[in-house]
Structures are given as structure tokens and as C-alpha cells.
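Visitor: Here's a sequence, model it:
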Amino acid sequence: MNMGEGINSVNIVLDIVLVMASLWMVFTVRGIGGLVGRSLNLIVAGAIVLGIAHLVATFAGPGQLAIVDGPTNNFVHRLIVLAGFVLLVFGFRQIRVMKD
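Guide: Numbers count the residues shown, from 1 in each chain. Just a heads-up that it's a prediction; the model follows:
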């Protein structure tokens, strides 16, 4: 096994850990209602999307399943990350409403 293969394996493990952490967040915030619950649900959804973005980037690009080429893989990854951040922002904006 060369260094590149070892790093690929570590990347896959870290991607899975990210998705598992986001799923753990789902179970942690489950049952919280009201504005706080809705806000946390959006934030957790954003975290899930961010975790999935890394899995897609790892498996869709060159080296694994090679569904798309490198530049396209990078573009798709950034679009998915953008969607995750939009969910995070909407979640935090709802929490900000409580402050006003």
C-alpha cells in the first residue's frame, strides 16, 4: 500500500465519521420542540448535508467510482456544501429571532 492509498482510506473513514456525527446530532436534538427545535433541526440538516458532501466528493470523483471528472467533482462538492451552509444560516437566523 502506497501513501496515497493510505490517505484515501483515512479520508473514507473520516467521511463516515462526519456522517455518523451528524446522525448523532439528529438523535441528540430529537424531541426538542418549538422555535428552538425547528432551528436545531435546520442546523442538524445542514450538518448532514455537509457530511454527505464529503462522501460524494470522495466517491464520485477520480480514484473511487469515477462518476465525474475532478473539476466537476469539485464543483458538485461546492454546490452541496453551499446548500448545507444555507440550511445552517436559516437555522441560526431562526434562533436570532428569539433575541429580538
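Visitor: Regarding Gly31, what is its secondary structure?
Guide: Under DSSP: H, G, I helix; E, B strand; the rest coil, the three-state class of Gly31 is coil.
Visitor: List the contacts of it.
Guide: Counting by C-beta atoms under 8 Å, 6 or more residues apart in numbering, Gly31 touches Gly37. (Each C-beta comes from the backbone N, C-alpha and C, glycine too.)
Visitor: cool, the one 10 residues further on as well?
Guide: The contact partners of Asn41, taken as C-beta under 8 Å, 6+ apart, are Val29, Gly91.
Visitor: That one and Ala60, how far apart?
Guide: For Asn41, the distance to Ala60 equals 27 Å [C-beta to C-beta, to the nearest Å].
Visitor: Ok, Val97 next?
Guide: With C-beta to C-beta as the criterion, Val97 and Ala60 are 37 Å apart.
Visitor: Between these two, tell me which one has more neighbours.
Guide: Between Val97 and Ala60, counting by other C-beta atoms under 10 Å, Ala60 is the more crowded of the two (17 against 9).
Visitor: was I right about that one contacting Phe75?
Guide: No: the pair Ala60 / Phe75 is not scored as a contact, 11.0 Å apart, by C-beta atoms under 8 Å.
Visitor: tally of neighbours for Gly33?
Guide: 7.
Visitor: Regarding this protein, what is its longest helix?
Guide: Using DSSP state H, we find that the single longest helix of the chain is helix 70-99.
Visitor: Show me what it packs onto, helices and strands only.
Guide: helix 34-60 (3 or more C-beta pairs under 8 Å, 6 or more residues apart in numbering; DSSP states H and E).
Visitor: In space, what's closest to Leu23 - neighbours in sequence excluded?
Guide: Ile48 (7.3 Å; C-beta to C-beta, 6 or more residues apart in numbering).
Visitor: so how far is Val97 from that neighbour?
Guide: 23 Å.
Visitor: now Phe27
Guide: Counting by C-beta to C-beta, the gap from Phe27 to Val97 is 26 Å.
Visitor: Likewise for Arg30?
Guide: Arg30 sits at a distance of 22 Å from Val97 (criterion: C-beta to C-beta).
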